[in-house]
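[1] predicted model and sequence below, questions to follow.
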Amino acid sequence: MADELPSMTLKAIGIVRNEIKQPAKQDCGKVVSDIIVNNDLTEALDGLEKFSHIIVLYWMHRAISGEVPLKIHPGGKREFPLVGLFATRSPNRPNPIGKATVRLLRRQGSILRVEGLDAIDGTSVIDIKPYIPGYDSVTSAKVPQWITNQ
């Protein structure tokens with residue numbers, strides 16, 4: 001099957017600039033970042049400033065490369081069950097794509113100032129979407145017990 005999957009090419013649309021220089025587990029809720037979008041895409045940002053929050057997709061370029069384990073303990077915590085990689089938020093993935101919903105503080109031309117982005121300085125941004133309540137949140141979502149018992 002893998003031989004039949006198409007290859008893909010991604011193009012960065014911008015870059016993250018902030019104080020986070022090394023990958024680490026940390027609370028990024030108050031970290032302020034600038035997303036510097038390519039100048040040729042500035043018009044594509046028109047209207048985004050009307051939203052309080054945006055969704056940022058980015059390439060975790062400093063995630064561990066090499067063979068990715070198919071089963072892991074979430075967060076590296078042995079007290080959690082061994083589960084499939086796709087049942088976790090581990091940054092070490094076949095395609096290290098990160099996703100964050102962040103507060104949009106302001107837009108100035110092609111620069112978006114955001115709060116709460118958990119990407120390190122120099123991270124490539126691959127897409128930006130507006131956060132739409134009701135569309136981007138699920139009221140009846142279910143999660144395993146090990147997540148709620150943290």
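    Thanks, I have the structure now. Predicted model, so just to flag it, every value in this text is computed and none were measured.
[2] the protein: strands as residue ranges?
    Secondary structure of the chain (DSSP state E): strands located at 14-17, 32-37, 53-59, 71-72, 83-84, 97-108, 111-115, 124-130.
[3] tell me which residues in the last one are buried?
    By neighbour count, and taking 16 or more other C-beta atoms under 10 Å as the criterion, the buried residues in strand 124-130 are 124-126, 128. In this view, the C-beta of every residue, glycine as well, is placed from N, C-alpha and C.
[4] now those residues as TSV including pLDDT and distance to Asn92?
    Formatted as TSV, those follow (pLDDT from 0 to 100; distance: C-beta to C-beta, whole Å):
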residue	pLDDT	distance to Asn92
Ser124	97	17
Val125	98	20
Ile126	98	18
Ile128	98	24
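[5] ok, for the residue nearest the centre of the chain, nearest residue in space, not its chain neighbours?
    By C-alpha atoms, centre = their mean, the chain has its centre lying nearest to Lys99, at 2.2 Å. Distances taken as C-beta to C-beta, 6 or more residues apart in numbering place Leu57 nearest to Lys99, at 5.5 Å, with adjacent residues excluded.
[6] number of residues surrounding that neighbour?
    15 (other C-beta atoms under 10 Å).
[7] thought Gly98 was touching it, still the case?
    Yes - look at Leu57 against Gly98 with C-beta atoms under 8 Å: they come within range, at 7.1 Å.
[8] helices along this protein, start to end?
    Applying DSSP state H to the chain gives helices spanning 145-148.
[9] about what we covered before: for the residue nearest to the centre of the chain, give me its contacts.
    Neighbouring residues of Lys99 by C-beta atoms under 8 Å, 6 or more residues apart in numbering: 55-58.
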